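[1] Predicted coordinates and the sequence they were generated for:
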Amino acid sequence: MLNQLLKLIKALNAETDPWQLSLAFVLAMIMGFTPLISLHNLLILLLALVIRVNLSGFILAFGFFTGIAYLLDPLFIRVGESLLLKPELRDLWTGLYQSDFWLLTHFNHNITLGSVVVSLSLALPLFFLFNWIIVNYRHHILAWVRSSHVVQVIKATKVFRLYETFSKVREAV
Amino acid sequence: MRQFFRWQGLVAFVVITTGGAALWLLLADTLVKMSVESVGTTLAGAEVNLSSADLSLDPLAVRFTRLQVTDPNAPAQNAVEIAQATASIETWPLLMGQLIINDLSITGLQLNTPRSHPGRVAARSEESSADKEEPSMLQKAQAELPPVKEVLGGEQLLVTSRAEALRAGYTEEQARVDKAIAALPNETTRQQLQQRYQRAAAAKPKNLEEFNTQKRELEQVQKEIRAIQSSLEQGRDQIAQSRKKLQVQLDALKSAPGEDVRRLSAKYALSPEGGLNITRLLFGDKAGSMAADVLYWYHQIAPYMQQSNAADEAAEKRPERAQGRYIRFPSNDPLPDFLLRKAQIQASLPFGTIEGRLADLTHQPAIIGRPTTLSAAGAALTSARGFKLDASFDHINPDQPKDRAALSLKGLKFEQLTLSDKAEFPLTLAKATSDINATLTLQGKVLKANFDGQFNGTRFDTVPGEGLAGEIATALASVDQFGIKAEISGTLDEPKVKFSSDLDKQLSAQLNQRLKAKQAEFEQALRSELTKKIAGPQQEGEQQQAQLQTKQKELEQQIAENKKMLEAKVQGYKEGASKAVQDKLKGLKF
């Protein structure tokens, strides 16, 4: 876990494209918010593995959003329940209910539907929000931190130079 | 493209998903076992243990070995133990969150088997879990005849209150009498007055002057005697009045034991009015205990046979956190969330092996449109000639659920059936053969059931004790056959049970005679104790009465003497005066 955290910090501070981190966070949010054993989560996992997103960010964010999901359960239930019981949508659900594929998605489960709808609704705004935060972090906070005296002093130490050498060797290996 | 995709991720995906599936398969048996134990414990309200669960995938089936369900009322034993159960499950619906068991085969079902260690029992509601020791029917009956000393110690007795009233009354009246007597002249004064009177009366006047002197003296003495006479009469009246009052209290005290005996006999009647219901007394506790067990299991299982109304579902049943619920929609092939299509059950009961068939068990019967049915018949009976059970649980319309059951047991042999293990009245049905028919219907909450049992060749084992238990034990020794009928009405939560039996008739004459003798003995003991209680105060009262009587007689004697003296002397004076006049007249010549 500590290793993943260091990797994430490194990715944040490195030249990794912001979208790789933002998308990792968004995919992790969908997977964390919705019940893990679901058909759609296989797709999310596939996307996370195939698209070049930051996996450390994905793993850490998945743990974070899974924890938050327990707090948001009442919201998911309310959203899922209201959608499934909405008379206007009854025909839609009844139609999907006749399909084995859609039944496999557990769309008629209130938490599943509620959490998928909420996380998909948040996906795009959060993607851009994460992107903006990362860019601004790198431009302002990281630049300020790097130029600070404390960091300059640390960078000048032998220990830090040794660490940098060790990291380069490790990456090469 | 390479900037956006890493195609080796596909390999990782396959590895992860395959590895996950393999891990699940590896742990499936343990996961199923844990689920069965957890869900079963919640369902039964007591610990459920499963020795092993084996999951097979093609076809999907699960086999359970040695499933034990702890008896919530006796954690040291199992309410149910199943040697083996095999269920074949439909795979596709399971992936969609529906557990459809096509066939369940249960073998080696046994009731009340011992456990290796006591099972954990969930905390139960006050009514059912309170292990408060309810008094048995016999205790209730016996409680009406406590020991005599206990009865007398805890009752407000007339003998006590009246004895106290007598003592208080005597003190009060004695004070009045003492006051009246204190107002009387003392003995010396009385004697002096008597002597003066006698002297004056005895004198012989020789002339008119002496006569007048004597007359004045007599008149003076008479005046003083009259004054005394008035005091004496007041004293006498006071004593008579006090005696009368005290006599009333004394009489009341004497009658107190009788009144107390009558009141206490009625209150602590050994044989209540309308007779003693021996059937309820003998079988009431056992029947009550069995009914409580049946009721408990019905309450545990009933929620799984019926779901609340679809309309009220959302409002009534808030989904559990992190669990959620499935919402069903009309379908061409509707299936409930849980359905047991059919089950074959082979059970080893105390009277032999029976085979049963359970069909269409679900908590959403409206979806399948069929009620749950249960039928069973004897297969290899050892202690009965025949067994048949037919039951159906129709909860298709949740507003009008209707359950019915009919049970028939022929030639059921009882041996050493404990009817009461209470220390004060251990009773065992040592031997009997019975034919039992029972029916039960439950519509909504309205319960109606009938039980008819005919017992032949009976022999009861009991230890003759004291009191009512001893009487019943002695009377039961001569009973060799009897019938019991029970009618149950009311509601499931408050059933009303009415017992009747020819056992009452058989035993009541004999028992009532014995009870009457015991009642008489009780009354005699009461009377004896109460009489002892009043002996002292009664004796004191009688002595006081005697003393007052003596004093009263003494005063009356004095009054009589005084009166006699007064009248006699006045008459003597008149005679003397007349004689003196006559004597004077004799000297005159006309």
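    Received it, and whenever you're ready, just let me know what you need. Residues are numbered from 1 along each chain as shown, chains lettered A, B, ... in the order given.

[2] drop to CA atoms for contacts and neighbour counts, all remaining ones
    Noted.

[3] what's the pLDDT at residue 25?
    In the absence of a named chain, chain A is used. pLDDT, A:F25: 94.

[4] switch to chain B, that's the one I care about
    Looking at B:L25, its pLDDT stands at 88.

[5] Pull the number of nearby residues for it.
    15 (other Cα atoms under 10 Å in any protein chain shown).

[6] Distance check, it against B:P75.
    Between B:L25 and B:P75 the computed distance is 34 Å (Cα to Cα, to the nearest Å).

[7] swap in B:A343?
    To B:P75, B:A343 is 28 Å away according to Cα to Cα.

[8] higher neighbour count, these two?
    Between B:A343 and B:P75, B:A343 has the larger neighbour count (other Cα under 10 Å), namely 22 against 19.

[9] helix or strand for that one, which one?
    Assigned by DSSP states H and E, B:A343 falls within strand B:338-349.

[10] what lines up beside that strand in the sheet?
    Paired neighbours of strand B:338-349 in the sheet (DSSP bridges): strand B:99-114 (parallel), strand B:352-361 (antiparallel).

[11] most centrally placed residue in chain A?
    A:F25 (2.0 Å; Cα atoms, centre = their mean).

[12] if we can go back for a sec, how far does the strand holding B:A343 sit from the chain's center?
    Distance of strand B:338-349 from the chain centroid (Cα atoms, centre = their mean, to the nearest Å) equals 41 Å.

[13] Other residues contacting it?
    Contact with strand B:338-349 is made by B:98-111, B:353-364, as judged by Cα atoms under 8 Å, 6 or more residues apart in numbering or on different chains.

[14] ok, back up a step: quick one: the residue nearest to the centre of chain A from chain B, how far?
    Applying Cα to the nearest Cα, to the nearest Å, the value for A:F25 to chain B is 16 Å.

[15] Is it correct that that residue falls within a helix?
    Yes - assessed with DSSP: H, G, I helix; E, B strand; the rest coil, A:F25 lies in a helix.

[16] is it true that it touches A:S56?
    No - judged on Cα atoms under 8 Å, A:F25 makes no contact with A:S56 at a distance of 9.9 Å.

[17] Do a quick rundown of the strands in the stretch 351-500 of chain B.
    In the stretch 351-500 of chain B, the segments counted as strands under DSSP state E, counting those that start in this stretch are B:352-361, B:372-381, B:386-394, B:402-420, B:427-443, B:446-462, B:481-490, B:495-501.

[18] burial of B:T550, as a residue count?
    Neighbour count for B:T550, taken as other Cα under 10 Å: 13.

[19] which ones are touching B:T382?
    B:F351, B:G352, B:T353.

[20] Mind doing that once more with 10 Å?
    Shown in contact with B:T382 (Cα atoms under 10 Å, 6 or more residues apart in numbering or on different chains): B:L349, B:P350, B:F351, B:G352, B:T353, B:L412, B:K413.

[21] Okay, and the beta partners of the closest residue to chain A within the stretch 251-400 of chain B?
    Using Cα to the nearest Cα, B:Y326 is the residue of the stretch 251-400 of chain B that sits closest to chain A, at 4.3 Å. B:Y326 has these beta-bridge partners by DSSP bridges: A:H109.

[22] That one against A:Y97, yeah?
    No - in this structure B:Y326 lies outside contact range of A:Y97 using Cα atoms under 10 Å: 11.5 Å.

[23] joint contacts of those two?
    Residues touching both B:Y326 and A:Y97 (Cα under 10 Å, 6+ apart): A:H106, A:F107, A:N108.

[24] Chain B next: which of these are close?
    A:H106, A:F107, A:N108 (Cα under 10 Å from any Cα of the partner chain).

[25] Surely the second one is within a helix?
    No - with three-state DSSP as the criterion, A:F107 is coil rather than part of a helix.

[26] For it, give me its contacts.
    Residues near A:F107 by Cα under 10 Å, 6+ apart: A:S38, A:G80, A:L84, A:W93, A:L96, A:Y97, A:L113, A:G114, A:V116, B:M96, B:Y326, B:I327.

[27] which one of the residues you listed is nearest A:S148?
    Taking Cα to Cα as the measure, A:S148 sits nearest to A:V116 out of those, at 43.6 Å.

[28] and that closest one, what is it in contact with?
    Shown in contact with A:V116 (Cα under 10 Å, 6+ apart): A:I30, A:M31, A:F33, A:T34, A:P35, A:H40, A:F76, A:V79, A:G80, A:F107, A:N110, A:L122.

[29] Show me which of these are buried.
    Among those, the ones that count as buried by 16 or more other Cα atoms under 10 Å in any protein chain shown are A:I30, A:M31, A:F33, A:T34, A:P35, A:H40, A:F76, A:V79, A:G80, A:F107, A:N110.

[30] which one is the last one nearest to, not counting chain neighbours?
    Same thing as A:N110. Once flanking residues are discounted, A:N110 sits nearest to A:G80: 4.3 Å by Cα to Cα, 6 or more residues apart in numbering or on different chains.

[31] Which positions in the strand or helix carrying the one you found come out as buried?
    A:G80 belongs to helix A:55-85 when assigned by DSSP H and E. Within helix A:55-85, the residues that count as buried by 16+ other Cα under 10 Å are A:55-62, A:64-66, A:69, A:72-77, A:79-81, A:83-84.

[32] which helices and strands does it pack with?
    Applying 3 or more Cα pairs under 10 Å, 6 or more residues apart in numbering or on different chains; DSSP states H and E, we find helix A:55-85 packed against helix A:2-13, helix A:18-33, helix A:39-50, helix A:90-97, helix A:110-136.
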